[in-house]
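A.B. asks: from the sequence below, what's the structure:
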Amino acid sequence: MENRSHAIAVGLFTLILGLAAIFAFWWLSGSREEKTHYTINSNRPVSGLNPEASVKFRGVEVGKVLHISLDDNTQNDIHVEIEVTKTLQLSKAAYAELRLQGVTGLAYIDLNDDGSSQQRLGPDDTIPLRPSFVDRFTEHAPEIIEQVETLVKSSSQLAATAHEMVQKIDTDQLNRTIANLEKASAQLEPLLRTSTATMNRLGSFASERNRQQLESTLQSLQQTSDAVRPLMDTLGQSARDFSSMTGTLTQSSQQLSDSLQQDTLPRLNALTDSLQRDSQQFEQLMETLEDHPQSLLLGKPKAQPGPGEAGFKP
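C.D. replies: Reported below is the predicted structural model:
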């Protein structure tokens, strides 16, 4: 009888201890909180995302991933079932992004809501998955590189065109024109003086009215000469400045063309090759981490032996 009492006591103690452990686990796990379920639809890979992965709202953890599956009708779409705390109120404008946790290769869901819609998101509604920054960069990197190459080529063509236009300018003819203008300007003043003296001698034989007209004409000629002289000097200086500018422009356009052809374009080609190699290495790294997440800690897995090698299994 005593043994039976001891057995009952031990059984009750074990039962109570088990119930207490279950209650403690339930309490600490937070499963007592009410959750809301949503489905995230994606038409792009979700590499690194696993069940039980974190779901965050603007960086704050609010839930977890429950299940990941392919669409029954089309295998191009992926459904990610998540649960979040019921206190999180999302609108129809909510969206999700896939983000990486450091260098581990593991991913989590980051929810966001721009507030552009006033309609609330109901339970079991769908949330679209937007491409992350890495996805957008990977998709648009070839276009960006192509646009940069086009810009550099256009700059090179523009420099070549400017150089060609400058070379077509006949600097010798321009210098001769400047010299002729200066010579004509120098000869104009003595000619006006001679004309003035001649007119004065003729004035002694002319009537008073004709004399006044001659004096008026001479004054007009003198004023014209005085006005033309600075103009001719300015024109000559402008022509000389233009000639100097032409030489400078020729030298600058040649230097720009040489710089684009010998320095910029080779560096751009090297940058393009480097970006392509980095993009391929990044894709290979993501595939390796997706297939072997433990490789981040244990290193790259050994390659499987091929036919004829020891350990090969067909």
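
A.B. asks: contacting residues around the closest residue to Pro51 other than its chain neighbours?
C.D. replies: Distances taken as Cβ to Cβ, 6 or more residues apart in numbering put Val65 closest to Pro51, at 5.4 Å, once the chain neighbours are dropped. For the C-beta atoms, the positions are set from N, CA and C on the backbone; glycine is no exception. Going by Cβ atoms under 8 Å, 6 or more residues apart in numbering, Val65 touches 49-55, 80-82, 109.

A.B. asks: drop anything exposed from those.
C.D. replies: Taking 16 or more other Cβ atoms under 10 Å as the criterion, what is buried in the contacts of Val65 is 49, 53-55, 80, 82, 109.

A.B. asks: circling back: just the contacts of Val65: which are in strands?
C.D. replies: Residues of the contacts of Val65 located in strands (DSSP state E): 54-55, 80-82, 109.

A.B. asks: how near is the spatially closest residue to Leu106 that is not a sequence neighbour to Phe57?
C.D. replies: Leaving aside its sequence neighbours, Leu106 sits nearest to Gly48 (Cβ to Cβ, 6+ apart; 5.2 Å). Note on Gly48: its distance to Phe57, by Cβ to Cβ, to the nearest Å, is 20 Å.

A.B. asks: so where is the stretch 201-314 of the chain shaky, pLDDT-wise?
C.D. replies: Across the stretch 201-314 of the chain, the ranges flagged by pLDDT under 70 are 201-273, 275-276, 278-280, 282-283, 285-287, 289-314.

A.B. asks: about what we covered before: doesn't the residue nearest to Pro51 fall inside a helix?
C.D. replies: No - counting by DSSP: H, G, I helix; E, B strand; the rest coil, Val65 is not part of a helix but strand.

A.B. asks: just list whatever residues bridge to it.
C.D. replies: As for beta bridges, Val65 partners with Ile82 under DSSP bridges.

A.B. asks: my read: Arg99 touches Asp110, true?
C.D. replies: Yes - taking Cβ atoms under 8 Å as the definition, Arg99 is a contact partner of Asp110 at 4.9 Å.

A.B. asks: circling back: and the pLDDT at the residue nearest to Leu106?
C.D. replies: Gly48 carries a pLDDT value of 82.

A.B. asks: element containing Tyr38?
C.D. replies: Using DSSP states H and E, Tyr38 falls within strand 35-42.

A.B. asks: so for that strand, mean pLDDT?
C.D. replies: 88.

A.B. asks: for that strand, list every residue counted as buried.
C.D. replies: By neighbour count on 16+ other Cβ under 10 Å, the buried set for strand 35-42 is 35-36, 38, 40, 42.

A.B. asks: list just the nearest of those to Phe13.
C.D. replies: Lys35 (34.2 Å; Cβ to Cβ).

A.B. asks: tell me the contacts of the nearest residue to that closest one once chain neighbours are set aside?
C.D. replies: Counting by Cβ to Cβ, 6+ apart, Lys35 lies nearest to Glu83, which is 4.2 Å off, once chain neighbours are set aside. Neighbouring residues of Glu83 by Cβ under 8 Å, 6+ apart: 35-38, 55, 63-64, 66.

A.B. asks: if we only consider these, which is nearest to Glu149?
C.D. replies: Out of the contacts of Glu83, the member with the shortest distance to Glu149 (by Cβ to Cβ) is Val55, at 41.4 Å.

A.B. asks: show me what that closest one is bridged to.
C.D. replies: Residues in a beta bridge with Val55, per DSSP bridges, are Gly63, Ile109.

A.B. asks: quick one, what contacts it?
C.D. replies: In this structure, Val55 makes contact with 61-65, 82-84, 108-109, 111, judged by Cβ under 8 Å, 6+ apart.

A.B. asks: can you list the domains in this protein?
C.D. replies: Following automatic domain parsing, one gets these domains for the chain: 37-130, 137-290.

A.B. asks: ends of the shortest one, how far apart?
C.D. replies: Translated: domain 37-130. Taking Cα to Cα, to the nearest Å, domain 37-130 runs 19 Å from one end to the other.
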